[in-house]
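[1] coords please:
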Amino acid sequence: MNRISISFGLLLLACSAALAQDVAVVYGPEETVYGSCRPSLTLTNTGREAIDYVQVDVDYILRDGRTVQGEQKSRYLYGLDNPIAPGSARALVIHHDESVPFGVACKDVVKGTIAKVTCRTVSGGNCSSLLTLRQNGDLVLPAR
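    Numbering: from 1, shown residues only. A predicted model of the protein is given here:
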């Protein structure tokens, strides 16, 4: 009986640790600046632990058929610490000094698909597998 109780307790502890970090990522807001779309993602940390860094690489398909990748980040990787506290939201943006502008207006971005996610907590843990994304990795874009 004690072995069953201990096993059950360990299972509950493992499950609660896995559920302790719950992160949701959705598309938006976006803006067109100087003729080039600047999409962003909004990350909401609904977990119990602060998040140190998040990068979501998105493959954007443009109306002309080209695919461009946007690295949307919570901050510069080697920049100042700026944790995302539990219960707060943060825009994940493309740092244009590290990337090439899309060269099209936002109305010409027709699809966005998550290519890769990097996420770590302030304690150094990995939260990538706990991200909740819409439509199996496809972002829900505004009606065009």
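[2] can you give me the pLDDT of A17?
    Looking at A17, its pLDDT is 41.
[3] which non-adjacent residue is nearest Y27?
    Counting by Cβ to Cβ, 6 or more residues apart in numbering, L139 is the residue found nearest to Y27 once chain neighbours are left out, at 4.1 Å. No exception for glycine: its C-beta is placed from N, CA and C like everyone else's.
[4] likewise for G28?
    T42 is the one closest to G28 (Cβ to Cβ, 6+ apart), at 6.1 Å.
[5] same check, this time on K107
    Closest to K107 by Cβ to Cβ, 6+ apart is R144, at 5.5 Å.
[6] pretty sure that neighbour contacts K111?
    No. In this structure, R144 is not within contact of K111 by Cβ atoms under 8 Å, at 10.3 Å.
[7] who has more neighbours, these two?
    Ranked by neighbour count (other Cβ atoms under 10 Å), R144 and K111 place K111 first, with 14 against 9.
[8] nearest residue to the more buried one in space, please, no chain neighbours.
    With sequence-adjacent residues excluded and distances taken as Cβ to Cβ, 6+ apart, K111 is closest to I61, at 4.2 Å.
[9] show me what contacts the one you found?
    67, 109-113 (Cβ atoms under 8 Å, 6 or more residues apart in numbering).
[10] can you tell me the helix or strand for the closest residue to P142 other than its chain neighbours?
    What sits nearest to P142 in space, not counting adjacent residues and going by Cβ to Cβ, 6+ apart, is G28, at 7.0 Å. Element membership for G28, per DSSP states H and E: strand 23-33.
[11] report the rounded mean pLDDT for whichever helix or strand comes after that strand.
    Counting by DSSP H and E, the next helix or strand C-terminal to strand 23-33 is strand 36-45. The predicted model gives strand 36-45 an average pLDDT of 93.
[12] now the next helix or strand after strand 36-45 and strand 23-33, what's the angle there?
    Next along the chain after strand 36-45, taking DSSP H and E as the criterion, comes strand 51-62. Counting by axes from the mean of the first three to the mean of the last three Cα atoms, to 10 degrees, strand 51-62 lies at 50 degrees to strand 23-33.
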